[in-house]
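Undergrad: Kindly generate the corresponding structure for this input.
(one chain, ligands or ions: 1)
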Amino acid sequence: MSDLSPQDRLKLAVAQAAIDYIKPKLEPDTIVGIGTGSTAAFFIDLLAPLKGLFDGTVASSEASAEQLKGHGISVYDLNAVDNVAVYVDGADETNAQLELIKGGGAALTREKIITAVADEFVCIADESKWVDTLGAFPLPVEVIPMARAHVARELVKLGGDPVYRDGVVTDNGNHILDVHGLHIHNPKSLERAINGIVGVVTNGLFADRPADVLLLGTENGVKTFTARA
Ligand SMILES: O=C[C@H](O)[C@H](O)[C@H](O)COP(=O)(O)O
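TA: Numbering: from 1, shown residues only. Below you'll find the predicted structure:
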């Protein structure tokens, strides 16, 4: 691990912190929700030695599912499970309310679905993801391909500058528009407004259902934040 970049060291630290956080909660019938991205990938590797302590997982992307299966960890279809005890995933931005921007890896829709099902959402992120106001990271919006131009025009009306993520097809067979130029002062309202555009599958704002816990990796150690009621 000595060749890790400083940022990757923080990602590894928060992945370990997530392991420490969930381990006491694991039961033989526990289903763990697994996110997508480089931070989640560290978490999957650290979860592997614990696979005898819980039933299995649901994954928010084909990439994470493959990584899990490579470790011999069971991956279930979400429709086949009754309950997801905890969901662990990274983020592209977080604010102090634990409202997030996600989807830099194009996995936002499956991530949001598992988030909706999970009893608890634990976000793991390095300190570069912490912002006062969401929006410096372009907001990903997953769209039905035939609606891409229509959705882009509607996003301009909402004040954004949408850019087609050329060549990217999501695990659901859809396209991504990355919306630049947003200063998101009311994340819940914007999340709903964008999801109301015909042709949008979902957008990468996680504000209606923010994280419950944020484990933030800093040079001074991992800091734990919990959502305010
Ligand atoms: O679609 C991807 C996800 O939302 C990721 O959780 C997010 O992009 C953060 O990824 P990373 O941990 O690689 O920074």
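
Undergrad: C-alpha only now, for contacts and for neighbours.
TA: Noted.

Undergrad: Buried residues in stretch 65-75, which are they?
TA: 65, 67-68, 73-75 (16 or more other C-alpha atoms under 10 Å).

Undergrad: With only the CA atoms kept, save it in PDB.
TA: What follows is stretch 65-75, C-alpha atoms only, in PDB (Å, rounded to 0.1, in the frame of the first residue of the first chain):
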ATOM      1  CA  ALA A  65     -20.800  -6.800  -8.800                       C
ATOM      2  CA  GLU A  66     -17.800  -8.300 -10.700                       C
ATOM      3  CA  GLN A  67     -15.400  -7.200  -8.000                       C
ATOM      4  CA  LEU A  68     -17.500  -8.700  -5.300                       C
ATOM      5  CA  LYS A  69     -17.900 -12.000  -7.100                       C
ATOM      6  CA  GLY A  70     -14.200 -12.000  -7.600                       C
ATOM      7  CA  HIS A  71     -13.900 -12.200  -3.800                       C
ATOM      8  CA  GLY A  72     -16.400 -14.900  -3.600                       C
ATOM      9  CA  ILE A  73     -19.000 -12.600  -2.100                       C
ATOM     10  CA  SER A  74     -22.700 -13.300  -3.000                       C
ATOM     11  CA  VAL A  75     -24.400 -10.600  -5.100                       C
END
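
Undergrad: Just checking that stretch against the ligand, any contact.
TA: No: legend: contact between stretch 65-75 and the ligand by C-alpha under 6 Å from any ligand atom is lacking; minimum distance shown is 13.7 Å.

Undergrad: residues contacting residue 84?
TA: For residue 84, the contact set (C-alpha atoms under 8 Å, 6 or more residues apart in numbering) comprises 30-33, 58, 114, 117-119.

Undergrad: Now tell me what touches stretch 6-22 from outside.
TA: Residues contacting stretch 6-22 (C-alpha under 8 Å, 6+ apart): 38-40, 42-43, 46-47, 86, 88, 122, 124-126, 215-219, 222.
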